[in-house]
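Trainee: Based on what follows, work out the 3D shape:
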Amino acid sequence: MDLGLRDRACIVTGATGGIGRAAAVSLAGEGASVLLVGRRAETLASVAAECNGAGGRGEPLVLDVTSTDAGERALGECLGRYGRIDALVNAAGTSAVRSVDELTDAEWQAQWELHVMGPMRLMRAVAPAMAERGWGRVVNVASSSGKRPSSTNMAYSVTKAAELSLSRAFADIWAARGVLVNSVSPGPIGGDLWLAPGGLADQNAQARGVTREEVLESVAARQPLGRLGTEQEIADVIVFLCSEPASNVAGAAWSVDGGAVPVII
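Mentor: Residues are numbered from 1 along each chain as shown. The predicted structure follows:
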């Protein structure tokens, strides 16, 4: 299937790793030009090389998406380098194991800035530019915990729920002008967030007084598929939602969670 992404210009935030990195490289594999947004210059250069090797074009932009001018700066760089903007993937995000008593006001605010204000500012900047051309795609990477709140980190769940609402609100505003805004909600993913040393597996193990292996076995057992998802599985769905064939998908909140959230919406 031709996804119609060759020579499209895309912005991907959180491109230094995880789902953002996988999505960026996959978009490049379809022939897209990808502006890679993240905070680590050396890692972005490595991802850019991956994108170039995949058959597209990747260029780094060191930028903190929580900056108040991040949207305008990312759009300006994309237009300056590629002359257009066709797709935006808001994949920047993180979490940590925190009980509600442990969460500080600063941590609540940091999660809000990263998962809500950052995507909002990017969308607010790029949607009008997309609408001028009559074509655009936005995909926000939310989480299954935005649909089924978790006490592991209430601030993460609440802000991801807000991101889902934000996505729907922007979809309603822009769909008639050809800018299709959607979100994806991954479940537990077998990537760096969970598996890296000191990541969620280790944090949960410490909090619960069990081994890392017991945590991962327990998490996998709770998924109807019986395993954690992969970053590439999420990236594949993101790429489709950025594509020409996704022309009748707007305002959707696609669960890509192995059946973790037991609802049909």
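Trainee: Name the residues of the lengthiest helix in the chain that come out as buried.
Mentor: Using DSSP state H, we find that the single longest helix of the chain is helix 154-174. The neighbour-count check on helix 154-174 (16 or more other C-beta atoms under 10 Å) flags 154-164, 166-168, 170-171, 174 as buried. Where you see a C-beta, it was placed from the backbone N, CA and C, and this is true even at glycine.
Trainee: Please apply the same query to stretch 226-244.
Mentor: Buried, per 16+ other C-beta under 10 Å, within stretch 226-244: 228-229, 231, 233-235, 237-243.
Trainee: Format those as CSV; extra columns: secondary structure and distance to residue 144.
Mentor: Putting the buried residues of stretch 226-244 into CSV (DSSP: H, G, I helix; E, B strand; the rest coil; distance: C-beta to C-beta, whole Å) gives the following:
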residue, secondary structure, distance to residue 144
228, coil, 12
229, strand, 10
231, helix, 15
233, helix, 13
234, helix, 11
235, helix, 17
237, helix, 13
238, helix, 15
239, helix, 20
240, helix, 19
241, helix, 17
242, coil, 21
243, coil, 23
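Trainee: any chance of those residues in TSV, with distance to residue 112 and pLDDT too?
Mentor: Conversion of the buried residues of stretch 226-244 to TSV gives the following (distance: C-beta to C-beta, whole Å; pLDDT from 0 to 100):
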residue	distance to residue 112	pLDDT
228	27	96
229	26	96
231	25	97
233	28	98
234	23	98
235	26	98
237	26	98
238	23	98
239	28	98
240	29	98
241	25	98
242	26	98
243	31	98
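Trainee: Show me which of these is closest to residue 79.
Mentor: Minimum separation from residue 79 among those (C-beta to C-beta) is found for residue 242, which lies at 18.0 Å.
Trainee: average pLDDT across the next helix or strand after the longest helix of the chain?
Mentor: Moving toward the C-terminus from helix 154-174, the first helix or strand encountered (DSSP states H and E) is strand 179-186. The predicted model assigns strand 179-186 a mean pLDDT of 98.
Trainee: What are the contacting residues of the longest helix of the chain?
Mentor: Contact partners of helix 154-174, identified using C-beta atoms under 8 Å, 6 or more residues apart in numbering, comprise 93, 95, 98, 100, 103, 107-108, 111-112, 114-116, 119-120, 123, 127, 130-131, 136, 138, 140, 142-143, 145-147, 149-150, 180-183, 185, 250-251, 253.
Trainee: Just the ones in helices from those residues, please.
Mentor: Using DSSP H, the members of the contacts of helix 154-174 that fall within helices are 107, 108, 111, 112, 119, 120, 123, 127, 130, 131.
Trainee: now the strands for the protein?
Mentor: Using DSSP state E, the strands of the chain run over residues 9-13, 33-38, 57-62, 87-90, 136-141, 179-186, 253-256.
Trainee: I'd like these written out as CSV, with mean neighbour count and distance to residue 208 added.
Mentor: As requested, the strands of the chain are arranged in CSV below (neighbours: other C-beta atoms under 10 Å; distance: least, C-beta to C-beta, whole Å):
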stretch, mean neighbour count, distance to residue 208
strand 9-13, 28, 32
strand 33-38, 28, 32
strand 57-62, 20, 37
strand 87-90, 29, 31
strand 136-141, 28, 27
strand 179-186, 26, 22
strand 253-256, 20, 26
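Trainee: Would you format those as a markdown table with distance to residue 219 included?
Mentor: Supplementary listing: the strands of the chain in a markdown table, determined by distance: least, C-beta to C-beta, whole Å:
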| stretch | distance to residue 219 |
| --- | --- |
| strand 9-13 | 26 |
| strand 33-38 | 27 |
| strand 57-62 | 32 |
| strand 87-90 | 25 |
| strand 136-141 | 19 |
| strand 179-186 | 13 |
| strand 253-256 | 16 |
